[in-house]
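[1] Next one to model:
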Amino acid sequence: ICKHHQMAVRWCVVLVALACAAAALPVLQNKPSEWQWRPAARANAAHNLHLTIALAQHNLGWLQDTLHYVSDPESPKYGNYFSMEEIAKVIAPSDQEIAVVRKYFEAIGATSIKLTKSKDFMSVEILVGKLEAALGVTFHEFAHVHSGRRLIRTEDAFQLPHEVAQLIDVITGVNDFMQLPLDKKAAKEARTNAAGASTSAPEISTPKGGSADVYVGAKLYCKDGSVWATNCPSKVNPTSVEFMVTPWGGGGRSQTVTKFTCTTSCTAATHFNGLPPYQRVELKARTTFSDKSVSDWGVYPTQYAPTSFITPQKIYELYNVPQGYQAFNGSQSVVAFEAQYFSDTDLATYFDLMGLAAYTPSIVGPNDYKYPGGEATLDIQYIMGVGYGIPTTFWSVAGDPKNGGFILEWAMEISDDSNPPLVTSISYGDTEPAYYAAFGSWDYIDRMEVELQKMGVRGLTTVAGSGDAGASNVGEAGNDLSAPIPTCEPLNPFYPSDSAYVMSVSAVFLTTNSLPVCYNNISSNQLIPIFLDQVGEIAVGVSQGAFWTTGGGFSNHTGVQDWQKDDVDNYKAAAKDMLPPYDIWNSEGRGFPDISANGLNLICVVNGQIVPIGGTSASGPVIAGLIGLLNDARLNAGLPSMGFMNPWLYKAHHNHPEAFQDVTVGTNKDGDVQARGSTYPTYCRSGFWAKPGWDAVTGLGTPNWGLLKNIALTEKK
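    Numbering: from 1, shown residues only. Down below sits the predicted model:
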């Protein structure tokens, strides 16, 4: 495990490697297991490839030092940000170095070469046949084995001439693979269907509802365990399904359903209301068949925790923002990958349902209103609903038209914009090992870290969700680069959220079980549970009654940061008896998350339908919107934007702990609730636990925006 990220050391190693290379620097990436190439499908030589070239930079020590000066509230240079052009004068490659790379790609037949304004990225277009001849590789048409989507890539290792290779950090578009939503969905369905069923009991789907009700559905099976779609063997079909809900305090209720919905499979559903508010419930169902036989009970894997529906007004109430607050200054954005789009009609409906006057975002890149995605919809609706009134950009990264761009392509586009949004929320990512496997080294992450530093020096804030499958990311079907991880150990930190230059955001939800005492019993001869009336926040997790688990932990690649070291050390000391085995995580790594917000049961409008959505991809835009409101207040007072906030945030917590609401209940040891037959575990033994103060589950807690605003305005240093 590499415990510290030292850019100077890295560049020394690279230079030594180059000096020892015979003629070239090899570049090799690996494709995810879900991809296979068609043996007879040689790529069309006239196909146009889109390459992103990250050019090697200089004076990165200056960049790190400058970020420290402009971000440390104790520094006299705090808030004295630099323009992109000023940064480029210090770190960009020389004109001569740029010319070497440009002439190489011109010589091999590039049809287009564009240099960003920052002078450290090139976008190159070149025909397959030309690149094959230059690199000595063969391109094929790959097909995703589940979705069928096709992509032109090579599996061959390739080399660049030494004089060119030493001037390039990363190339994408040659042998990197990006997973789009249709690929992930198809792969998940294939794994579920292949697993089959070992029981005729119904499979309960993810419950929905508010704090005192639950809508519960179930997928139905025949007596032999096969999925019921039309007729079961011997036409012994389900005739009714009994659902039962039992609160923690007892007093179960049942309802029988005789009407079913059938498409590719048959389902049944019902609604229980009038439940004890916020009290966890056991959910189960069983099927009666036409021959009068009855299946076993199908039991939902966790005791479901009902919770409130969340709206922007509820966010304001929770985090001490005056109702009706509206901002006008600054700028904010969400970035979208994977061909994720939003619908302008959905956005207008959302504003109407929330009682807010509608306004529209600017759009950078493609957006197909006809095909809204849940991720993009959630992001844009909540950053605009919380950071209400702030000029907002939906930043859609196209990249390779057939593969889509990823975070480095987004960084390239930011480097080509002289006035980008002040705050950006990122709801995408993958584990650190996934980046290493995809790109054959740490180069991709290392270069992205430099780009995030550049953004901080420009006064920009980047927010990223900490992941939705716990500390290990086990079984997560939404990875952008990799297939789901099959095991709970080792723990797998999630990037870019664990970056040293990002504000990492975890997710919490509302419940009355918000103190550790709630998970004990009254001392007596009988087990008497403890129920409280006060509603508070706890970490989202399967063990806490949710269907997914918020991420958090410690980076394997980046060391603990100075601005958080005291808090991280305090946590490790306080939680020493509860920490995972030291051989499955890096105890010296950068701790994440930094902060939390509500990320469960947020009301959205998708394809005209009102749906609740959750994830750290929900809590991230919430925090980004709140930061946008802080920027508005500071700009109105003649102060600079918040910029890279983490040093300020931890210092604010140290000096004003009352500006945060501590979250002391929850663990991120588990993954997602898995479908029946899945080979991936839902529950795991190792992870981290919430404790008073900073912890590797919920960070510093949730914000008291009103107090943070006062600190941001009165403590101007």
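
[2] these two touch, right, residue 219 and residue 203?
    Yes. Counting by Cβ atoms under 8 Å, residue 219 does reach residue 203; the two are 4.5 Å apart. Glycine gets a C-beta too; all of them are placed from N, C-alpha and C.

[3] Give me the contacts around stretch 325-332.
    Stretch 325-332 has contacts (Cβ atoms under 8 Å, 6 or more residues apart in numbering) with 316, 383, 387-393, 420-425, 624-625, 627-629, 631-633, 635-636, 641.

[4] correction: stretch 372-380
    181, 334, 336, 338-343, 346-347, 361, 392, 394, 396, 425, 427-428, 602, 604-607, 611, 613, 615, 617-618, 620-621.

[5] Tell me which of the contacts of stretch 325-332 fall in helices.
    316, 383, 624-625, 627-629, 631-633, 635-636 (DSSP state H).

[6] closest to residue 502 among these?
    Nearest to residue 502 among the ones in helices among the contacts of stretch 325-332 is residue 624, at 11.4 Å by Cβ to Cβ.

[7] For the residue nearest to the closest one when sequence neighbours are not counted, the count of nearby residues, please.
    Nearest residue to residue 624, sequence neighbours excluded (Cβ to Cβ, 6 or more residues apart in numbering): residue 425, at 3.8 Å. A count of nearby residues for residue 425, using other Cβ atoms under 10 Å, gives 32.

[8] for residue 256, same thing?
    Number of residues near residue 256 (other Cβ under 10 Å) recorded here: 11.

[9] what bridges to it?
    Beta bridges link residue 256 to residue 242, judged by DSSP bridges.

[10] I'd assumed residue 238 was in contact with it.
    No. Checked against Cβ under 8 Å, the pair residue 256 and residue 238 is beyond contact range at 11.8 Å.

[11] Report the separation between the closest residue to residue 669 other than its chain neighbours and residue 155.
    Of all residues not flanking residue 669 in the chain, residue 687 sits nearest, at 2.7 Å (Cβ to Cβ, 6+ apart). Relative to residue 155, residue 687 is positioned 36 Å away (Cβ to Cβ, to the nearest Å).

[12] for residue 87, what are its contacts?
    63, 118, 454, 457-458.

[13] Return the distance of residue 240 relative to residue 100.
    Relative to residue 100, and taking Cβ to Cβ, residue 240 is found at 75 Å.

[14] Can you show me the strands along the stretch 551-700 of the chain?
    Using DSSP state E, counting those that start in this stretch, the strands of the stretch 551-700 of the chain run over 553-559, 589-592, 595-598, 602-606, 609-613, 660-661.

[15] which of the residues in the first one are buried?
    Going back to what we said before, that points to strand 553-559. For strand 553-559, burial by neighbour count (16 or more other Cβ atoms under 10 Å) applies to 553-559.

[16] end-to-end on stretch 662-681?
    30 Å (Cα to Cα, to the nearest Å).

[17] Is it correct that residue 201 is in contact with residue 294?
    No. Here residue 201 lies out of contact with residue 294, judged by Cβ under 8 Å, at a distance of 9.8 Å.

[18] Could you list which residues are in contact with the residue of the chain most remote from its centre?
    For the chain, the residue at maximal distance from the C-alpha centroid (Cα atoms, centre = their mean) is residue 291, at 47.8 Å. Applying Cβ under 8 Å, 6+ apart to residue 291 gives the contacts residue 236.

[19] Tell me the pLDDT of residue 15.
    Looking at residue 15, its pLDDT stands at 31.

[20] oh, and call the first residue 105 from now on, that's how I've got it
    That works, and once the first residue is 105, the last one we named lands at residue 119.

[21] hmm, back to that, quick check, nearest of the buried residues of strand 657-663 to residue 537?
    Using Cβ to Cβ, those come closest to residue 537 at residue 660, 7.8 Å.

[22] quick one: which helix or strand includes residue 210?
    Taking DSSP states H and E as the criterion, the element that holds residue 210 is helix 199-211.

[23] Is it correct that residue 772 is in contact with residue 654?
    Yes. Taking Cβ under 8 Å as the definition, residue 772 is a contact partner of residue 654 at 5.6 Å.

[24] what ranges do the helices span in the stretch 705-821 of the chain?
    720-740, 750-759, 809-818 (DSSP state H, counting those that start in this stretch).

[25] Now do the last one against helix 720-740, angle only.
    What that stands for is helix 809-818. Between helix 809-818 and helix 720-740, the angle comes out at 40 degrees (axes from the mean of the first three to the mean of the last three Cα atoms, to 10 degrees).

[26] re the thing from before, any idea of the pLDDT on the residue nearest to residue 728?
    At residue 529, pLDDT is 98.

[27] So which of the contacts of residue 191 wins on neighbours?
    If you count neighbours using other Cβ under 10 Å, the busiest of these is residue 561, which has 30 neighbours.

[28] how about that one, phi and psi?
    Here is the backbone geometry of residue 561 (degrees, to the nearest 10): phi -70, psi -30.

[29] just residue 555 next, same as before
    Dihedral angles for residue 555 - degrees, to the nearest 10 - are phi -60, psi -40.

[30] Apart from its neighbours in sequence, what residue is nearest it?
    With sequence-adjacent residues excluded and distances taken as Cβ to Cβ, 6+ apart, residue 555 is closest to residue 515, at 3.7 Å.

[31] wait, doesn't the one you found sit right on residue 549?
    No. Taking Cβ under 8 Å as the definition, residue 515 is not a contact partner of residue 549, at 11.9 Å.

[32] hang on, the earlier thing: what touches both of residue 772 and residue 654?
    With Cβ under 8 Å, 6+ apart as the test, residue 772 and residue 654 both reach 574, 610, 643, 645, 801.

[33] Residue 515 and residue 549: which is more packed in?
    Set residue 515 next to residue 549 and count neighbours by other Cβ under 10 Å: residue 515 wins out with 28 against 23.

[34] I'd guess that one is in a strand, am I close?
    No. Per DSSP: H, G, I helix; E, B strand; the rest coil, residue 515 lies outside any strand segment and is helix.

[35] Contacts only, for it.
    552, 555-556, 559.

[36] measure it to residue 548 for me?
    11 Å.

[37] picking that back up, next one, pLDDT for the residue farthest from the centre of the chain please.
    The model's pLDDT for residue 395 equals 96.

[38] Residue 122 too?
    Looking at residue 122, the pLDDT reads 30.

[39] now swap in residue 617 and tell me
    pLDDT, read off for residue 617, is 82.

[40] and if you look at residue 516?
    Reading off the model, residue 516 has pLDDT 96.

[41] and it, how many neighbours?
    Number of residues near residue 516 (other Cβ under 10 Å) recorded here: 24.

[42] just residue 273 next, same as before
    Count around residue 273 with other Cβ under 10 Å applied: 18.

[43] Helix, strand, or coil at it?
    strand.

[44] Tell me if I'm right that residue 195 and residue 162 touch.
    Yes. Here residue 195 reaches residue 162: they are 5.6 Å apart, a contact under Cβ under 8 Å.

[45] So for those two, which residue has more residues nearby?
    A direct count of neighbours by other Cβ under 10 Å for residue 195 and residue 162 places residue 195 higher, at 21 against 15.

[46] residues in contact with the more buried one?
    161-164, 166-167, 224, 558 are the contacts of residue 195 under Cβ under 8 Å, 6+ apart.
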